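Chemist: pasting the structure only:
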């Protein structure tokens, strides 16, 4: 393969149904297929091969930024029906990268395995919604599914702040503004501050990472907007802990109060490779802040949340309840499902 051109590599990965391409020196390109890393049969990469591939996807400013900082995230559009999220970095003094492959056509809820309550949350007019999970759990896909649903149904203005832009949305019933951090705006917090002056109905924050962006996102929800965001956390209750841990103890009471008042749902996600066949299945858990859960958040007694979730009130359920149903439906075996939960005794 000619590593001076990136498109043949991307096309090959798509043909193999890969979700990611990993590039490291002295290895062939490595594809993640159905959640498993597989060495491709392509030639071994040299340092100059990776440089050629990466630089062909970057603007001159992005090249200079990468050479100066050794880290950069960017989006790349080069093949019809697919976008690519690129993270370029340096390891052991040599260039390396991950390329996430993102179909531009968003599948249906049934194809994605998204529960009906997600659509119910997307139809809310105001409040704070978090989609949580580990890297590669489909958080961005679910978030963009919700944006697409709003776009099809409601005459809203949707301001999206992303790093980088992964799905390009065409305005339908809604007017969609997409801003890329580092290209169109300096930071999530800066973009959120200005978003309030852009007459939005819905604000989408690609990921909340620090105290400033979390505070601005909560303030945006507090002022009567619908805010969607993603967060790296293993489950729904831990999502609240992750947000609080960003702040010093003296500020946590205020953030608990804001969360208790404005949170309307947390969607937890895990993508599980199917046993003995190709594909993955989406396992979810849903937290809906009832009056009891809002009081728990205010008090900071977060260990009590799980006990409220298992009641099923307002459509809530835990990951273990979801996995148990999958076991009953013959999708997973009990022993295999235990690998994906920290509470295996509840299956």
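Modeler: That came in fine, so what should we check first? Note that the structure is predicted; figures quoted are calculated from it, not measured. Numbers count the residues shown, from 1 in each chain.
Chemist: so which residues of the stretch 201-347 of the chain form strands?
Modeler: 202-205, 226-232, 263-273, 280-287 (DSSP state E, counting those that start in this stretch).
Chemist: just the ones you listed: most buried one?
Modeler: Among the strands of the stretch 201-347 of the chain, strand 202-205 has the highest mean neighbour count (mean count of other C-beta atoms under 10 Å), at a mean of 26. From N, CA and C alone the C-beta is placed, and that goes for glycine too.
Chemist: name every strand pairing with that strand and say which way it goes.
Modeler: Here strand 202-205 has these sheet partners by DSSP bridges: strand 157-162 (parallel), strand 226-232 (parallel).
Chemist: picking that back up, kindly reformat the strands of the stretch 201-347 of the chain as JSON lines containing distance to residue 118.
Modeler: As requested, the strands of the stretch 201-347 of the chain are exported to JSON lines (distance: least, C-beta to C-beta, whole Å):
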{"stretch": "strand 202-205", "distance to residue 118": "15"}
{"stretch": "strand 226-232", "distance to residue 118": "11"}
{"stretch": "strand 263-273", "distance to residue 118": "6"}
{"stretch": "strand 280-287", "distance to residue 118": "8"}
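Chemist: quick one: closest of those to residue 165.
Modeler: Nearest to residue 165, of all those, is strand 202-205, at 10.9 Å by C-beta to C-beta.
Chemist: ok, and what's touching that closest one?
Modeler: Defining contact as C-beta atoms under 8 Å, 6 or more residues apart in numbering, one finds that strand 202-205 is touched by 143, 147, 150, 156-162, 174, 188, 192, 195, 213, 217, 220, 225-229.
Chemist: so for that strand, mean pLDDT?
Modeler: Mean per-residue pLDDT for strand 202-205: 97.
Chemist: got it, and stretch 85-93?
Modeler: pLDDT averaged over stretch 85-93 gives 95.
Chemist: could I get the buried residue list for that stretch?
Modeler: Neighbour-count burial for stretch 85-93 flags 85-86, 88 (criterion: 16 or more other C-beta atoms under 10 Å).
Chemist: so which of the residues you listed is the closest to residue 41?
Modeler: residue 86 (22.7 Å).
Chemist: am I right that the closest one is in contact with residue 53?
Modeler: No. Residue 86 is not in contact with residue 53 according to C-beta atoms under 8 Å; the separation is 9.6 Å.
Chemist: need the residues touching each of the two.
Modeler: Listed as contacting both residue 86 and residue 53 by C-beta under 8 Å, 6+ apart are residue 97.
Chemist: can you list the domains in this protein?
Modeler: Taking automatic domain parsing as the reference, the chain has its domains at 7-103, 109-346.
Chemist: nearest to residue 1, out of the ones you listed?
Modeler: When the domains of the chain are compared by C-beta to C-beta, domain 7-103 sits nearest residue 1, at 5.2 Å.
Chemist: so which of the buried residues of stretch 85-93 comes closest to residue 61?
Modeler: residue 88 (13.7 Å).
Chemist: bridging residues for the closest one?
Modeler: residue 72, residue 97.
Chemist: and the pLDDT for residue 105?
Modeler: Looking at residue 105, its pLDDT reads 87.
Chemist: ah, wrong one, I meant residue 11
Modeler: 97.
Chemist: how many residues are close by it?
Modeler: By other C-beta atoms under 10 Å, 13 other residues sit near residue 11.
Chemist: and of the strands paired with strand 202-205, who's closest to residue 324?
Modeler: Proximity to residue 324, assessed across the strands paired with strand 202-205 by C-beta to C-beta, is greatest for strand 226-232 (25.1 Å).
Chemist: so that closest one versus strand 263-273, what angle?
Modeler: Per axes from the mean of the first three to the mean of the last three C-alpha atoms, to 10 degrees, the angle that strand 226-232 makes with strand 263-273 is 40 degrees.
Chemist: any chance you could list what contacts strand 226-232?
Modeler: Residues from elsewhere that reach strand 226-232, judged by C-beta under 8 Å, 6+ apart: 124-135, 139-140, 143, 146-147, 201-208, 217-218, 220-221, 239, 242-243.
Chemist: same question for stretch 151-162.
Modeler: When contacts are defined by C-beta under 8 Å, 6+ apart, stretch 151-162 is touched by residues 123, 147, 150, 169, 171-181, 185, 188, 191-192, 195, 198-206.
Chemist: could you rerun that using 6 Å?
Modeler: Contacts to stretch 151-162, defined as C-beta atoms under 6 Å, 6 or more residues apart in numbering, come from residues 150, 172-180, 188, 191, 195, 198-206.
Chemist: would a markdown table of the strands paired with strand 202-205 with mean pLDDT and distance to residue 328 be doable?
Modeler: Conversion of the strands paired with strand 202-205 to a markdown table gives the following (pLDDT from 0 to 100; distance: least, C-beta to C-beta, whole Å):
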| stretch | mean pLDDT | distance to residue 328 |
| --- | --- | --- |
| strand 157-162 | 96 | 38 |
| strand 226-232 | 97 | 30 |
